[in-house]
Structures are given as structure tokens and as C-alpha cells.
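J.: Got a sequence here, can you build the structure:
(4 chains)
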4 protein chains.
Amino acid sequence: MDKRKFAVLGGDLRSIKLAEFFASDGNEVKVFGFSKGNLDLGKMQCSNAKEAIEGADVVLGPVPCSNDEETLNAPLSAGAIYINDVFKLMSKNQLFIAGRISNKILQLSHVYNVYSIDFLEREELAVLNAIPTAEGAIQIAMEKMPITLHGSKTLVLGFGRVGKTLAKMLHGIGSHVYAGVRKYSDAAWIKSYGYNPVLLDSLKDVLGQMDVIFNTIPSLILDRDHLEKVSRDCLIIDLASKPGGVDFAYAEKLGLNVVWALSLPGKVAPTTAAFFIKETVYNILKELGV
Amino acid sequence: MDKRKFAVLGGDLRSIKLAEFFASDGNEVKVFGFSKGNLDLGKMQCSNAKEAIEGADVVLGPVPCSNDEETLNAPLSAGAIYINDVFKLMSKNQLFIAGRISNKILQLSHVYNVYSIDFLEREELAVLNAIPTAEGAIQIAMEKMPITLHGSKTLVLGFGRVGKTLAKMLHGIGSHVYAGVRKYSDAAWIKSYGYNPVLLDSLKDVLGQMDVIFNTIPSLILDRDHLEKVSRDCLIIDLASKPGGVDFAYAEKLGLNVVWALSLPGKVAPTTAAFFIKETVYNILKELGV
Amino acid sequence: MDKRKFAVLGGDLRSIKLAEFFASDGNEVKVFGFSKGNLDLGKMQCSNAKEAIEGADVVLGPVPCSNDEETLNAPLSAGAIYINDVFKLMSKNQLFIAGRISNKILQLSHVYNVYSIDFLEREELAVLNAIPTAEGAIQIAMEKMPITLHGSKTLVLGFGRVGKTLAKMLHGIGSHVYAGVRKYSDAAWIKSYGYNPVLLDSLKDVLGQMDVIFNTIPSLILDRDHLEKVSRDCLIIDLASKPGGVDFAYAEKLGLNVVWALSLPGKVAPTTAAFFIKETVYNILKELGV
Amino acid sequence: MDKRKFAVLGGDLRSIKLAEFFASDGNEVKVFGFSKGNLDLGKMQCSNAKEAIEGADVVLGPVPCSNDEETLNAPLSAGAIYINDVFKLMSKNQLFIAGRISNKILQLSHVYNVYSIDFLEREELAVLNAIPTAEGAIQIAMEKMPITLHGSKTLVLGFGRVGKTLAKMLHGIGSHVYAGVRKYSDAAWIKSYGYNPVLLDSLKDVLGQMDVIFNTIPSLILDRDHLEKVSRDCLIIDLASKPGGVDFAYAEKLGLNVVWALSLPGKVAPTTAAFFIKETVYNILKELGV
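T.: As a prediction, the model looks like this:
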């Protein structure tokens, strides 16, 4: 593989791990924005953004890129790193790659003639991120349940990236896996994989038997009518981004145990998350011929 | 489930099995076109198409519907069953459902005001048919190889319906599964499932180690350049429909063992194939409110 | 199944769960020794041991049966329950069943002419208890590691009940499983199951690559020499009962992350643990014709 | 690994494969007894037993060693190879290793002061041979059944080496696996592995639903009473050595489809079988310090 020069700016421990991965693959790496971390970053460490960016092929921003649309998300940095300062320092031949780049930041990059790419929009990263998400969900289930997943009845709502990955792991642990979907073709896949398909319009028939329900559908699936069918001993883990798939208020009223678990990859497996970002960045560069 | 009246016309043993499945689910079933089969079809048996079709909700044709675009594919029928005769006997409220209905037959159905549906165009049936296809491919591999699939290196080219299903089964038997794909996101899925991803542009690097290669990609993947990398002991099973994915002539010249296996579901598991058609027909009827 | 009369004495929440299982299977159940638990035990609740024992077919003691060889292990009881009082109250036709009955208590039971059985000596319970043990170990690994188990290299030392069960679950989650054993025949099994066998005398060759090591062998396997080969990022989880299989002091000196996890079933999945005890008690009674 | 000198005498294609494996591992190999095979054995080929045996560390006999207790089982040899001639040619420092060495031959080896070892008595080979046995059984089932194994109900009788291996593979293909055993602890293992345990004394309750039954128990399990419960569409594959586990005559009378499949490894996967023998021979030599 070709060696490149990377500048890693801002971000949390994941960004540091990412920088280390780049370096151990033989790339030249400079970092800026981690001074509060009390970390030994050796000669990678730069004292300002300019030093880090100069000569780099790729400038790596954090995930999410920014929380305020002005500065990089840099919790370990002593001072703010302004995005337009970064873009100002970059030349036309340098790439800016980060996660969750907002429209506003994207437009700013255009203004500065910087080519920017959001790695979270890459399908392969979305597929890979389903792995730590699924493991994180399983960890939560293990922690909260007085029974083993092995031998229990688990329902996965939705059969997209997270649904498929989670169903496979639960099956691998020995759980009796049910998966709730809308389409006949998804039901066929579920049958093919050896799980039990449930069509969403007959979901109520099985809810009462479940020991744990994992929702991955980002719309109100577990509404009042459905929640009333759920067993009082059942744990509900909602993995869907806002607004989630559960009527949380009503679930609480019923005394149901609900956990809304978001952004699991960075929380439960930051090193793996960084590794997947690295692989995706390499794919991007390979496609661009960088 | 609602009970319906079915007329099953023509086809091979799969059609008879299908008729039996409909009957054992409590539906009323009449059949025509199996007189040569020497089968005891009891009171389902009709002496002509009119008797079978009269009063039916659904007329079930064979798969493929026709080999000559004029008569039903009815190998067990004493005489030819003309498709336009069938359509002539049908009323506006009756459905015609069959497999692989050509454009010409489709247009003919319009002329006669018959609503016709091709079950082979249903995604769920395509997904389910991958199961007998994969098992058939495994059976061929077991028959032709002097080594076990367990512990051997198997390469699946393509990760669509058959590729996914086959990879899962091979893994389940204990094979070391490699899967060759073009897209990074498919490679991510393959990694997620625990197999070894191979990008097609670096396929040559691994070909020499493989014990068996299953191709599911319907374009010339295993051309001269690639075939020359394949080990002389390797078995190649091409599951892709015409024109297939192997340069058969060149493979023969190299002395490679190649099997081109098509239409496996009806051959290796006709009963299962009929069962999946039944399920799909029910889905169609449920969607149409019949 | 025949209905019986059970008296459940002492124990923790597992014993209460066990009583509830017996009751929901239609048996008659009385309990004593849970007054501090603030639990609604309804009419099962007795105000003294005599009331509970009278008329019972089986008297169920806790697990472990006793911590002091004099009184039942009864953390939820307001007062001490003396074992010789219990035996005194029992007649020849009543069985005493508990977990980890010491020799002293066993002899006491002989003195009182009480037939006592230790369910922890039942092979089927030992097999079943490996399930919550393995899940508990996986939960700890997930909590302590910054990487996913999926894709990581995991070493299981020993291929007995816990080793086999753990290896299967880790493989099911997508881990690359290595298993260290002494015997060629165990290595053959490991290969057959699709894991990577490692003979203990060449263990050092692979230790450095492992991300997590689970030990199930109750003798000093991970001694100084071996620990020195282990990567600093590797997590070690020792599941072996005393004296364990790790030189803990030396591991600490090396800065290795070691967790010694014992008695997991009752801790991580008390309800499942109670369910398995119930099943085992039924097997005992069936064999004895009770 | 140390290099040794091997003499391979008699046997079928498996023995030739074994000789090739030894050679490709860098050992010195001589063979005798394959002149009828029309094979190019190059400089391994010897013109008499003396030439092959001279200087060898190990003399490898066939499996089974002999069919008449006088000559080696050497179907590809032009002339008979007398076992006492072989032993006469051997010195005290040479090992004789073969498969299924009868007591008579064993005693003969003592007379000639030859140390002989039967590799079929090695536990690791028995474990490994379960792999081709299980695959062979699956191949037969696929060939004989009009339904897929995926989704079908399969019963494995016995949970020893073949039973365990077969159950795992069937599960891996997507079959609903039932396993019939006598002991509660085996039933616990079956549950742990995710299959459905059936105690043999309640076998009759499930027999009628099975699509295929694999027997591995070498005593009459499927007697008249049991066979009468089996569905007419069910396939029975008996893998048990003589006398088998099925009342074959009665099964035929009932019109049941029964296959008695013995010695599968050599038949369905001779190369794999030879490979496993090679590994086992290496283990033997390592243990003996040869």
C-alpha cells in the first residue's frame, strides 16, 4: 500500500487511536488538538494546526466533525480549533475527511476550495459500525437481564444493517431469535438465516413471549397498543436514532424497562471504531487514487 | 387463512406437489394435464381444462409457463394445452399465476382480459429459491471432491441471494469461506459474517489456494487469465445463468473440472420448491385481497 | 408430570425464584427464611421451619448449603436456621436436596436418617451452568475491552464444559477462537468445531497475538514464563476455581489486566440458574420415582 | 518438524495419497505394492518390499491392515505381500503402523520383535474421521431427499463423535436438529448447543415428524415399535457398524427408505482421510520421540 501523510485534528481518544493506526501502517502522521489528554504522542504532536496540516495529503477531522458548526469537535484541545482556519490553511491538493459533516461546513469547504468527504456516508463503514453497535446492545442486555441470552426469546425489530448483525450474534450465543419486518422478502431472508420471521402487522401475537426486544426501526413501532402486549419482565433496548421507536413515556407508565442506546461504537469499542474508520479512509483514498 | 379454489394446469411433479399442498391446507383443488403421470390424484383430477378452471379463484400454470409460447409446459399431459384456450375459458375475476411468463404470453393475457402474475418475479421466492440452489451446489461439490468441504478453502463469487446463502451453509459445514465481490460494502458484510472478503480486482492472488469455486456472477469472471491461476485439483461449479461466468472451452483445455449447474431447485428439491411457490402464491393473494 | 410438595428453606433470590418456578408448574410450595426480603410470597410464606417442612416430599436447601456447617446459608432470614433442627423435623420419607453439601452436613443427615442429595454433583447441572458462566465471562470481556469480540483473537484455555460452551459462543459472536489443550484428541475436536487448536506445550507461540484469554484450567497455566509473552493490551479472565490458573501477583507486576471471575451463574443470571436447578431437581425425582 | 523415512506398503489410493503427503512434507518416502495402479510414483516406487523397508524409520501398512490375516490388504499390488515377510525384513528400530491390526497380526509382530501400532485406536483419528463420515451422511441425505435439509426436521440418534459432528453440520446448513440420547447430561449438552434434546424413552413422541433420521448407536434402536411411528416419507440413514441400529427387514416391509452407510471416510473423501492418517502418524511419532 502507498504511504501517505496524515494530519489528525481534534476528536476524542478514537482520533488518537486512528493516528496510531495510520502511523503503525507506516504512514507519516501529525496530530494537533490533544494537549489536554496528557498523552505521550511523541513526534506526532504538533504545537499548532499549521504545523500539522503543512505537507499532509489528508486532513482528518473528528466524528462528529463539529458540535457548533464553527469549531472542530475537540474535547482534548486546550483551545478552540476554528474550521475556517483549518480550511484556510489547506491547499487544493489536500483532502478533508471527517465524520458527520454538516451542510454548513460542507458549503464552507466549497468556499475555501477544499474537497471534503464524510466517511459516515460510506456504506462499508455503516455496515462495519453495525458490529460494535450489536455487541454494545448485547452487553447492555447481559447487564440488565437476570436470565441468559442463551435460551431466551429475543426480538429484533428491523432487518437492516444493525438488525442483521445483531440477529446473527444473538443466534450465535444461542438465543431464539425473532425478527420483525414489513416485507415478505425480508421475512424470506430471516427464514433462510434460520431465525423466526414476524410480519409487523402481526407483531402483537408474539410480543408477550419475548424476553428482550431490540428496536432498530427509526419510527414509532412500539406504541401504546404494542407496549401493552409486552411482558413486564421484558427488557426493551431501542437502538434507533431520534425520535426512536418506542413511546418512552407510556412504557415508563407501564413500568417497562427501556434503554435508549445511541452512538454505541465510540462508547463500547473505540479502538475497533477507529480501526474501521482507518479502513474506510484507505478505501476512499484508493478510489480517488491518492 | 381463507380457503380458495385452485386449478392447477400442466407442469411436472412440482405442480402435483403444489396441488397437494393447496389441498392439504384445506383449499379446493382441481388439476388437469397429468394423465400420463400414472398418479392417483383422486377427485382433484379433471378430464378437461374447462372442468378444472370453472369456479376457480386462481389458475396455476407451470414453471416455466411455456416452452413454445403457445402451449403450457405440460410434460405429463396426454395432449397439448393451448394457452389461448385456457385464457378463453377464464373470466375476469380469475387470476392466472405461473412462473416465467414471457412477454408474448403476457400480452395474450391482456387480449383475453386475464390478470396474470409471474411468481418468479417475486423477491421472496428468489430469496427462498437460493436455499435449494445452495444445497444443490453443495451436493455437487460433495459428490465431485475427494476432500471434505469441512476444512477446505471455498470461494464464492458474488454475494447476492445465492452467494449469501451458499456462503452461510459452507461456513456452517466448517469450510473456510472466501467471497469475491466488487464493492467495499459487500466486502464489509463478508467480514461481518465471518468470511474472508476478496475484492475482484485482486482475485488472482487467492485463486491458486482454492479447493472449490462457486460462481454466481452472470458475466465472464473466470476468463483465461484467471483460469490459469486456478489449481488443477480445484473444482469449479458455475451457478450463473447464461452465458455463465466461466470460459468453459479454455477451462477444458486446461484440464479443469467444471460443472455448470442450472435450475437446481426443481432438480434437487422439487418438494421444497413447490412449498416455496405455495407460500409465494398465498402472499400474492393476501396482497390482492383474494 | 407428577405434582409434588416442596419446602424451600433459606438461600438468596435464586431460592425464591426456584420456589416460584415450582409453584408455576403446579406444585405445592412452602417457603421459610425470607422474611427480611420484603417480598410478597403470598401463601407460600411460612412462619417457621416446621410449618414449611411438614407434609413436604422434598426439602430444598440453598446453594451453597451452608457457610458455617451449622446453619443454612440464609441471608434473607431474620434468624439462624440450624441444620440439625431441619433434619430433626424431617421424616424418613422426605428428601433433602441442596447445593454443595459438605461432608460434615452429609454425615449429620445420616445421623438423622435423612436422605440428602447434592444437585451440584449432577453432571447435567454442571453442563447447564456452563451457559451462564460463559455468558458472564463474555459480558466481562465486553465491559473491559476497547475492541469488539467480533474480529478479535480469543484464547480459551481448557476444553471442558465451560471451555466448550465459551468457545462456541465466542465463535458465534464472530471472534477468532483459539483453544489451548493438552490432548491430541481435544485438539481434533477443536479443529472439528472450526476453532484453532493450540497444544499447551506450544502455547507461548500464540500468546502474544491474543486480545483476550479465558482460563478454565484449575492449575497454574499462566505462570511467569507464559505471562511474559502476553500482550500488554490483552485482557485475562480467569474462570478457574481456587487456586486459579494465573500467577496473579506477577501479572499485576507486569501491568496486565486480570479478572478472576467466580460463581458467575448466580451473579449474572440468577433466574436462569434457578431454572436449571429446577430441571435438575425434577430429573433427580424422576430417577428416584418420587 | 523432523524429517523421517517412510515405507508405505499396500493399500488403496488412500495409501498413495498418504505417501504423497509424507513426501511433500519433506520426508523420504518409498512405496511398494502399487504396480497395478498405472500410477506415476516416480522414484518413490520400489520393485520389492525389501528395497522399500530398508532404512525406513516407519513402515506404513494399509487400512484395514489385512483381509485374510496373512497378506497385507494390497488391491493394487501385482502379487501378494505376506505380513510375516514384512516383519522378517524389519529390524527392532523400525515401527509398523497400520489401521485395524487384528490380534493375530499383533501377536505375529511380537514374534518378530516388531513394535506395531494401530492408528485407528487413536482417539484423535476417531474424532477427525467423524468429519468425513458426517459429510458423507449429509451427501446421501441430499441425494435421496426431495426436500432441502434446510428447514427440515432431522433426528440424530446418539451424541458421540459422529452424532456431535453431524448435528453441528446439519444445524449449520439450517436444519432443525433433534438429538436422541439416554443420559440427562447429554440432553443438557444438546440444549447447550442449540438443538432439541429427545430422551430415548420418549423417542416415539417425535419420530412421526422427522424428515430424516441418522442413527449412530450400534444397537437395535429403531425396532418394530419405533419404526411404526416413522413417517413414510422419512429417510433413515444408519451409520452404526454391525449389527446396525435398524430392523432392516421390518423397515423394508413397511416400505421405509433405509440406507446403511459404512466406512464413509475412505469412500467420500479419501484425500481427507489420508491427511488425517498422516497427522495421526506424526502425533504417534512425536509421542514416541521418533
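
J.: okay, stretch A:205-214 in PDB with CA atoms only?
T.: Written as PDB, here are the backbone C-alpha positions of stretch A:205-214 (Å, rounded to 0.1, in the frame of the first residue of the first chain):
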ATOM      1  CA  ASP A 205     -49.200 -12.000  18.500                       C
ATOM      2  CA  VAL A 206     -45.600 -12.700  19.700                       C
ATOM      3  CA  LEU A 207     -44.700  -9.700  21.800                       C
ATOM      4  CA  GLY A 208     -45.900 -11.200  25.000                       C
ATOM      5  CA  GLN A 209     -43.500 -14.100  24.800                       C
ATOM      6  CA  MET A 210     -40.300 -12.100  24.300                       C
ATOM      7  CA  ASP A 211     -37.600 -11.700  26.900                       C
ATOM      8  CA  VAL A 212     -35.900  -8.800  25.200                       C
ATOM      9  CA  ILE A 213     -36.800  -6.600  22.300                       C
ATOM     10  CA  PHE A 214     -34.100  -4.700  20.300                       C
END
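
J.: pLDDT on that stretch, on average?
T.: Taken as a whole, stretch A:205-214 has an average pLDDT of 98.

J.: Wait, A:I117 touches A:G99, no?
T.: No: using C-beta atoms under 8 Å as the test, A:I117 is too far from A:G99 to be in contact (10.1 Å). All C-beta atoms are positioned from the backbone trio N, CA, C, and that covers glycine.

J.: Give me the angle between whichever helix in chain A runs longest and helix C:123-144.
T.: With secondary structure taken from DSSP state H, chain A has its longest helix at helix A:123-144. Interaxial angle of helix A:123-144 relative to helix C:123-144 (axes from the mean of the first three to the mean of the last three C-alpha atoms, to 10 degrees): 120 degrees.

J.: and the closest residue to A:Y184 other than its chain neighbours, what does it touch?
T.: Counting by C-beta to C-beta, 6 or more residues apart in numbering or on different chains, A:Y184 lies nearest to B:E124, which is 4.2 Å off, once chain neighbours are set aside. Residues counted as contacts of B:E124 (C-beta atoms under 8 Å, 6 or more residues apart in numbering or on different chains) are A:K183, A:Y184, A:S185, A:A187, A:A188, B:E279, B:T280, B:N283.

J.: change it to 10 Å
T.: Residues in contact with B:E124 (C-beta atoms under 10 Å, 6 or more residues apart in numbering or on different chains) are A:183-189, A:191, B:276, B:279-280, B:283-284.

J.: Which of those residues are buried, as a PyMOL select command?
T.: In PyMOL, this line selects whichever of those come out buried by 16 or more other C-beta atoms under 10 Å in any protein chain shown:
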select buried, (chain A and resi 184+185+186+187+188+189+191) or (chain B and resi 276+279+280+283+284)
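
J.: what about A:F6, which SS state?
T.: Following DSSP: H, G, I helix; E, B strand; the rest coil, A:F6 is assigned to strand.

J.: where's it relative to A:G26, distance?
T.: Applying C-beta to C-beta, to the nearest Å, the value for A:F6 to A:G26 is 11 Å.

J.: follow-up on the earlier one: just curious, which of the contacts of B:E124 is nearest to D:L155?
T.: A:K191 (21.2 Å; C-beta to C-beta).

J.: That closest one reaches D:H150, doesn't it?
T.: Yes: in this structure A:K191 lies within contact range of D:H150 using C-beta atoms under 10 Å: 9.2 Å.

J.: Can you work out which residues contact both of the two?
T.: Between them, A:K191 and D:H150 share these contacting residues under C-beta under 10 Å, 6+ apart: B:L128, B:I131, D:G174.

J.: can you list those in CSV and add neighbour count and pLDDT?
T.: Shown next, in CSV, are those (neighbours: other C-beta atoms under 10 Å in any protein chain shown; pLDDT from 0 to 100):
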residue, neighbour count, pLDDT
B:L128, 31, 98
B:I131, 28, 98
D:G174, 23, 98
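
J.: of the residues you listed, list those near chain A.
T.: Residues shared between the shared contacts of A:K191 and D:H150 and the neighbourhood of chain A are B:L128, B:I131, D:G174 [C-beta under 10 Å from any C-beta of the partner chain].

J.: check contacts around the second one.
T.: Contacts of B:I131 were listed using C-beta under 10 Å, 6+ apart, and they are A:188, A:191-192, B:161-162, B:165-166, B:169, B:265, B:269, B:272-273, B:276, D:148-151, D:173-174.

J.: Name the SS class of the closest residue to it other than its chain neighbours, please.
T.: With C-beta to C-beta, 6+ apart as the measure, D:H150 is the residue that lies nearest to B:I131, at 4.9 Å, once sequence neighbours are left out. Secondary structure state of D:H150, per three-state DSSP, is coil.

J.: quick one: low-confidence ranges for chain A?
T.: Residue ranges of chain A with pLDDT under 70: A:1.

J.: Please enumerate the helices of it.
T.: A:13-24, A:49-53, A:83-89, A:103-111, A:123-144, A:161-173, A:184-193, A:204-207, A:224-227, A:248-253, A:264-268, A:270-288.

J.: And the fourth one, what's buried?
T.: Using 16+ other C-beta under 10 Å as the test for burial, helix A:103-111 gives A:I105, A:L108, A:S109.

J.: what does the fifth one give?
T.: Of the residues in helix A:123-144, those with enough neighbours to count as buried (16+ other C-beta under 10 Å) are A:124-142.

J.: near chain B, which residues of chain A?
T.: Residues of chain A lying near chain B by C-beta under 10 Å from any C-beta: A:122-131, A:134, A:161, A:164-165, A:168-169, A:172, A:183-194, A:199, A:276, A:279-280, A:282-284, A:286-287.

J.: Not counting sequence-adjacent ones, nearest residue to A:A274?
T.: A:K17 (3.8 Å).

J.: sorry, back to before: ok, the contacts of B:E124 vs chain D, which is closest?
T.: A:K191 (7.5 Å; C-beta to the nearest C-beta).

J.: give me every residue that touches the closest one.
T.: Applying C-beta under 10 Å, 6+ apart, the residues near A:K191 are A:A179, A:P197, B:E124, B:V127, B:L128, B:I131, B:F276, B:E279, D:H150, D:G151, D:G174.

J.: Over to A:S219?
T.: Residues in contact with A:S219, defined by C-beta under 10 Å, 6+ apart, are A:G158, A:A240, A:P243, A:G244, A:G245.

J.: can you list the residues of the stretch 51-200 of chain A near chain D?
T.: Taking C-beta under 10 Å from any C-beta as the criterion, the stretch 51-200 of chain A approaches chain D at residues A:H150, A:G151, A:H171, A:G172, A:I173, A:G174, A:S175, A:H176, A:K191, A:S192, A:Y193, A:G194.

J.: thought the last one was touching B:T165?
T.: It stands for A:G194. No: counting by C-beta under 10 Å, A:G194 stays clear of B:T165, with 11.1 Å between them.
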